[in-house]
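Asks: need coordinates for the below:
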Amino acid sequence: GRPDEALRYFDVSEFDEIYDRLNDELTPADWAERFRATPAHAAVEAGQTEPRAEAASTSAPTPAGPRSRGLAHGLHQFRVLSRRNFDLYARYPGNFVPLVMQPVVITLLLLALFPANLFVGDSENPTVPLQLVYTVCFVVFLFGLLFAVQAIVSERAIFRRERMVNVGVLPYLMSKTSFLAPLLLLCTLVIVAVLRLLDRLPDAGLVDTYLPFVVTLVLTAWAGLALSLLISAIVNTSQMATDLLTPWIAPQV
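Replies: From the prediction side, this is the model:
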């Protein structure tokens, strides 16, 4: 049935409240027995998309045709799954705070390790500016790698259940990037802006220097994000995902 029918059936206003009811109130067998006594179950058994009583009350029923599986359907799934991912971060600080704290801590470390005005005049160690640029490039890749390494493996059981009701692989995978990719973009802009304002980066043109620099950093961060999603998809446990980080990081260095 439709998602709003599930909300009415469980008498809740948000979908995550359904899981609370399933977990706290009855056993799985009791929930199954309760559902078998409803018109919705009879409609499922009859191969209908709506309960018989609701269908009978419609004065001019429209013949049910095959549900569209085209682009519009994929975009709808992407939108719903993206909203769910956003809620997971927005409602639970334990998921969001560690992500934003990583760029904050690394930026403070960069400020402590590298003195101001590196790119002005002669330096005792001319490789220091190059070290700073390399470190910035590597840490944004590391952010992408760490942001999503648990994104798929931690909800593998949920994904398998949703595949049983035709949730697409591509909408699901892209929904994992709809929040994390813009967050990586924002973190990269903040890091570059802070380093520039505090004279760790040179006084150069916005279009000819910093635009290609930022674009390169963002693409590097998104490459790390793609690799982290790959790792999260091919492992079976969260521990395996963590253990695979080092072999994937070393070739990038």
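Asks: show me where the stretch 151-253 of the chain has helices.
Replies: Assigned by DSSP state H, counting those that start in this stretch, the stretch 151-253 of the chain shows helices spanning 156-163, 169-175, 177-197, 211-234, 238-243, 245-252.
Asks: any idea which of those helices scores lowest on pLDDT?
Replies: Among these, helix 245-252 carries the lowest mean pLDDT, at a mean of 75.
Asks: quick check: angle from it to helix 211-234?
Replies: 140 degrees (axes from the mean of the first three to the mean of the last three C-alpha atoms, to 10 degrees).
Asks: flag every buried residue along helix 245-252.
Replies: Residues 245, 249 are the ones in helix 245-252 that count as buried (16 or more other C-beta atoms under 10 Å). (C-beta placed from N, C-alpha, C; glycine too.)
Asks: on contacts alone, who are the packing partners of that helix?
Replies: Other helices and strands packing on helix 245-252, by 3 or more C-beta pairs under 8 Å, 6 or more residues apart in numbering; DSSP states H and E, are helix 128-147, helix 211-234.
Asks: Ala37: neighbouring residues, count only.
Replies: 9 (other C-beta atoms under 10 Å).
Asks: now the one 5 residues further on
Replies: Using other C-beta under 10 Å, Ala42 has 14 neighbouring residues.
Asks: just say helix, strand or coil for it.
Replies: What DSSP: H, G, I helix; E, B strand; the rest coil gives for Ala42 is helix.
Asks: distance of it from Ile18?
Replies: From Ala42 across to Ile18, the span is 21 Å (C-beta to C-beta, to the nearest Å).
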